[in-house]
Each structure stands twice: as structure tokens, then as C-alpha cells.
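I would like to see how this sequence folds:
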Amino acid sequence: MSEYDYIVVGAGSAGCVLANRLSHDPGNSVLLIEAGADDRSLFIRMPTALSIPMNTPRFSWGYWGQPEPYLDGRRMDCARGRVLGGSSAINGMVYVRGHPQDFEEWENAGAAGWSYADCLPYFKRAERWMGGGDTYRGGSGPVDTCNGNNMRNPLYKAFIDAGQEAGYGVTDDYNGYRQEGFGPMHMTVRNGERCSTDLAYLEPARRRSNLTIVTNAEVNKLSFSGMRATGVLYRRDGQDNVAIAQREVILCAGSIGSPAILQRSGVGPMSALFSAGIPVRHDLPGVGENLQDHLEVYFQYRCRQPITINGHLGLLGKFRIGAQWMLTKTGLGATNHFESCGFIRSQPGVKWPDIQYHFLPAAIRYDGRAAFEGHGFQVHVGPNKPDSRGHVRVSGPEPERPPLIQFNYLSTEKDLADWRNCLRLTREILQQPALDAYRTEEIQPGIDLSDDVAVDDWVRQNVETAYHPSCTCRMGAEDDEQAVVDPQCRVRGLQGVRVVDSSVFPTIPNGNLNAPTIMVAERGADLILDREPLKEYAEVWSAPEWRSKQRERDPIRPVPPGPARVI
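From the prediction side, this is the model:
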């Protein structure tokens, strides 16, 4: 048995941040426990190899969801990182903070102190942006963010131009003043290598004598004295171990792992605990509920010109990419290839973007295989504010039993309607003149998008997860029975335990999850250390009246800049 001031469970996007920030004070002793290994694999470090760690068992938990009733019974994989750096070590490295209004939505949902002004300084504290620090971007933080190879392939700019021709605006920095529009996409890459939270936060803290890192150790449950969490029980090398927390246990095991650990500890919905054969310590109905995720599909086209990445997917092409990257950390190996993007609103009345585009100058699958012979390009697209809600529930008291994950994708009529709008607007954008020199046959969806039934069927058969599970231990007000943690991330009804990861999001943000998860951990560190939270106001772009060529048939014209307002 060993004792520490703080025990951090999970060395992922949030846990590495907390291990660094809490151990910065030499007076704090910190234990960081990770189920995976300390692995500096070439495939983790090389940005273009992103499909390999995501699909490698030693790096991922390999979770699978239950059959989805609204997706014709399909089961969706739910890759989560099981290695130092967690999902930041296996993800696509796309860096999106979300829209400022996402955080206003959090505060309005009962997460007091999590407005945009409260979150902005922590986004900045985490970041080292290639353009330097300013009102919106951090210039000296641990996480490097850049634009990869700076859109050298002409298809990137053609996609941005197509968005403008379709009647949408252009943004120079969707993580800054204006998210809405088309522009360059940002990634967490440092000097040609993936910048995971392991590299950004844990590596600088490794030599601190007050930080202990234990890998290949799976936490079973919390230990308690009454209603106070006193530590954790974990297994390593076949041996059961106990670690004691003099101050707090902080769960950073993610939106699947954190609710599962709470439930195995007897904290969760009474009916779910009874079904799993777990004695109830604290009936907390929201644990594992409110599960949200983003779905996406690929629009794929054949390309007229031999300029796409498909021309480099043979053995010789991959060898050349790898050799250049190994020698110089440059070239096609130094980027995730998502170098341009777009954020748009789907219809009138939507106050901030709810559709996101990742453009890729290749026609390829997530496993890295070519989608078809020849050259092609694709756009990953999907609605970002789903109504559907699912849950995570343990299937028994043993950690070896995989959790039961039910997303309930497309369970509401609004979600189906959002997908119909999304596909129609996307085809309109991709048919603009800017892409005429490159675009030939549409490979998929290749269906009549005016037929709602055909669209719904195609979506059910072809959507894939964007790997953004979240919101299963959500923050909320004291009188909110479904809230799991309060706005200080403390588990309601218990002492000595917090949850600090993407599971505490009240609602899923408009974008990828790594950046807001790091931000939550940065702010969570100040809350844990009882420091005065930072706050910083900044003007953000306010959208003009929604328009689309498809709906209004107006002449093409740029969207004028809207009025600035202060949040």
C-alpha cells in the first residue's frame, strides 16, 4: 500500500495535463495510473500513420457498441486510447476548440463558470500556436498546433473556394474570432511529430521526484471510508494493489472508463448496478447516461488529375514517405492530411455552425486502405449537435468484462432531418466551379438526395463514428438529479473524488474533442488546487442571416462580416 496526495486515474488527454499541473508544486505527491504502456512507437509519432495505432490492440481498448436499433442493428467500434497520452496518442490530431456558444450552452445547462470567457484563457494556456499568441491563441503552451504542410496540395484551396462559391464565408482561424466558414485546418503536430499530451505534458514532468507513473495497471474501483473516496484498487502484473489518496482521487479515464469505474465502485443508477450484481454505495442516476457522439460519412469523388495521396499508397510510395519522414520529419509523413475544413449552419434559425467538414486529398478508409483504384478525394462530414442520447453500463463487477455501450444513434426525427440537410448542402458545395478541374464521378453517396427515404437508408448503412464519445458524467447544477459532477468537477454526494475528462461535458461541442478535453483539465487543475480561476473576454463573430444557394437561388456573393459582440 502506498500513499499520495492525489491519484490521477488515466494518462490520456486530461490525465497527463493534471499529472503535470498538480506535480508542479513539489509539495504535492501525485500518482498517475495508466492501463496501457509507455510506448513511443514510430506509428504513434508519425502523423500520417494515424490509422495504425487506432486499429492496434496494444494502443486501444478495442471497445464495441451494442447493436444499434436505428442503424439496422449495426455495431460501431469505439476506439479509445490505452497508452500514455490516451486517445491523443491514437486520434486524428485535428485541433478544434468548438464554437464559443458551445460553452455558453454549458453554462446555461448548469455548469456555472464554464462560459466562453471562463474557458478561453485555458485554451490559450494549453497551446503553442504556430502563428504566435494573440487575443485568441496561445503562443507558449505545451501543445503545439499548426497547419501541417500548409496546404501545398491545390485541392485544399479548391475546397475552400468551393465553400465560398456556395455562399459561405471564409475564416482565417476557426479557433479564433470566427469559427464559421471555410479555411485551413489545424492539427497537434510538433516538428513533424504527433504532439500528444504524453509528449506535451508528461515528458517535461517525468523527472519530478513527487510524480509516480504506473503503467500497465488497470483500476478496478475506488476505495471508500463512508462516502469519502480514500484511494483506488488496481491490478498490475497479476497482483492486486491499493493506493491511498490523502486529498483526492481524480478520474480521467474518459467517457467510457470513468463512468465504468464509478459504477464498479457502487456509484451510479441503482437499477444498472443491481443488473450488474454490484452493491449500491451511492445511487447517482446520471452516471453513464447522456452519452453523445458525432457521426460522419464520406463524400468521395474520382479526381481528374494525378495529384492525390492515392498515388502514394503502394509499397514504394509508403517507403518513400516513411524514409523522408525518418530522415527529416517532413513531407507527407508529417501531416494528418486534413489541412482544410469548413463549419456551416444547416438551416435558418441555427445560431452557430452545426455541420463540420474535414477535407482529404485522397479517397481512403480509416484503416488506411484505398477506397478504389485511381485518384480521388473525399470530405468527411456530419452534423455536430445530435439529439440522440445513449448510455454506458458495466456488465459485471470485474474490470475484465467489457462495458455495454449503447449510443442510440439517429433515434430522433431531428437527427434524421439534420442528415438530410447535411448531405444536400454538401453535394451543393462539392459541385461548385472551383472543383470542376478536379472532380469527375461521385463515388458515394451517389444517390438521389431529394428522396428522403433513400437518404435515410443510405445514412443508416454508411455512417461511421467520428470517435467522439462524451458527456457520460456531465456537469450540472446542485438541483439537477442527472448531473454527476458539480461545476468544480466534484462527484455529487461524495467527498474526495472528481471526474475531469470529456465525460463531464454537459453537451458535445461543435468539433473534435481533444482540445476541449485538454482545456477542461487545465481549468480543472486550478479548481483542484483552489486557485482563482482565470477569465478573459474576447469579441467573437456573430453570424448574419443564414443563406444557401440551394434554398434561395441567389447570385453567388461573399458573406459580409457580421457585427462583433462580446461574450
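
for this protein, which spans come out with low pLDDT?
366-368, 545-567 (pLDDT under 70).

Output the longest helix belonging to it.
Across the chain, the longest stretch assigned as helix under DSSP state H is helix 413-430.

other SSEs contacting it?
Helices and strands touching helix 413-430, by 3 or more CB pairs under 8 Å, 6 or more residues apart in numbering; DSSP states H and E, are helix 154-165, strand 295-303, strand 355-360, strand 376-383, strand 439-444, helix 452-462, helix 549-552. Where C-beta positions appear, they are placed from N, C-alpha and C, glycine not excepted.

next structured bit after the fourth one?
Toward the C-terminal end, the helix or strand that comes next after strand 376-383 (DSSP states H and E) is strand 391-393.

Following element in sequence after that following strand, please.
strand 404-406.

Verify the contact between residue 104 and residue 118 for me.
No: Residue 104 is beyond contact range of residue 118, at 10.2 Å (criterion: CB atoms under 8 Å).

Looking only at neighbour counts, state which of those two leads.
residue 118 (21 against 18; other CB atoms under 10 Å).

contacting residues around the closest residue to the more buried one other than its chain neighbours?
Distances taken as CB to CB, 6 or more residues apart in numbering place residue 535 nearest to residue 118, at 5.6 Å, with adjacent residues excluded. Shown in contact with residue 535 (CB atoms under 8 Å, 6 or more residues apart in numbering): 117-118, 121.

Dump these to CSV, plus distance to residue 131 and secondary structure.
Formatted as CSV, the contacts of residue 535 follow (distance: CB to CB, whole Å; DSSP: H, G, I helix; E, B strand; the rest coil):
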residue, distance to residue 131, secondary structure
117, 22, helix
118, 24, helix
121, 18, helix
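
quick one: the longest helix of the chain to chain centroid distance?
Between the centre of helix 413-430 and the centre of its chain there are 22 Å (CA atoms, centre = their mean, to the nearest Å).

Where does the residue nearest to residue 118 sit, in terms of helix or strand?
Going by DSSP H and E, residue 535 is not in any helix or strand.

any idea how far it lies from residue 504?
Per CB to CB, to the nearest Å, residue 535 is found 19 Å from residue 504.

for residue 426, same thing?
32 Å.

between those two, who's got more neighbours?
residue 504 (31 against 22).

I'd say the more buried one and residue 483 touch.
No: counting by CB under 8 Å, residue 504 does not reach residue 483; the two are 9.5 Å apart.

Give me the common contacts of the two.
474-475.

before we move on, back to that, what angle do the longest helix of the chain and helix 154-165 make?
Interaxial angle, helix 413-430 versus helix 154-165 (axes from the mean of the first three to the mean of the last three CA atoms, to 10 degrees): 110 degrees.

Need the residues that contact helix 413-430.
Taking CB under 8 Å, 6+ apart as the rule, helix 413-430 contacts 162-163, 166, 168, 297, 299, 301, 342, 344, 346-347, 354-355, 357, 379, 381-383, 385-388, 409-410, 439, 442, 445, 449, 452, 455-456, 459, 463, 548-550.

how about a cut-off of 6 Å?
If you take CB atoms under 6 Å, 6 or more residues apart in numbering as the criterion, helix 413-430 is touched by 162-163, 166, 299, 346-347, 355, 381, 383, 386-388, 410, 449, 452, 455-456, 459, 550.

Show me where the stretch 101-250 of the chain has its helices.
Using DSSP state H, counting those that start in this stretch, the helices of the stretch 101-250 of the chain run over 116-126, 154-165, 197, 203-205.

Buried residues of the last one, list them for me.
It refers to helix 203-205. For helix 203-205, a neighbour-count test (16 or more other CB atoms under 10 Å) marks 203, 205 as buried.

And for the second one?
Along helix 154-165, the positions that meet the burial threshold by neighbour count (16+ other CB under 10 Å) are 155-165.

Export those residues as JSON lines, with columns for distance to residue 435.
Converted to JSON lines, the buried residues of helix 154-165 look like this (distance: CB to CB, whole Å):
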{"residue": "155", "distance to residue 435": "8"}
{"residue": "156", "distance to residue 435": "12"}
{"residue": "157", "distance to residue 435": "11"}
{"residue": "158", "distance to residue 435": "5"}
{"residue": "159", "distance to residue 435": "7"}
{"residue": "160", "distance to residue 435": "11"}
{"residue": "161", "distance to residue 435": "8"}
{"residue": "162", "distance to residue 435": "5"}
{"residue": "163", "distance to residue 435": "10"}
{"residue": "164", "distance to residue 435": "12"}
{"residue": "165", "distance to residue 435": "9"}
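
what's the closest of these to residue 211?
The nearest member of the buried residues of helix 154-165 to residue 211, counting by CB to CB, is residue 156 at 41.0 Å.

Which residues does stretch 497-506 contact?
With CB under 6 Å, 6+ apart as the test, stretch 497-506 has contacts from 14, 106, 109, 111, 229, 249-252, 254-255, 258, 470-475, 485, 489-491, 513, 517, 521, 524.

Just list the residues touching the closest residue to residue 34 other than its chain neighbours, thanks.
Leaving aside its sequence neighbours, residue 34 sits nearest to residue 11 (CB to CB, 6+ apart; 3.8 Å). Residues near residue 11 by CB under 6 Å, 6+ apart: 32, 34, 84.

Good, we can wrap up now.
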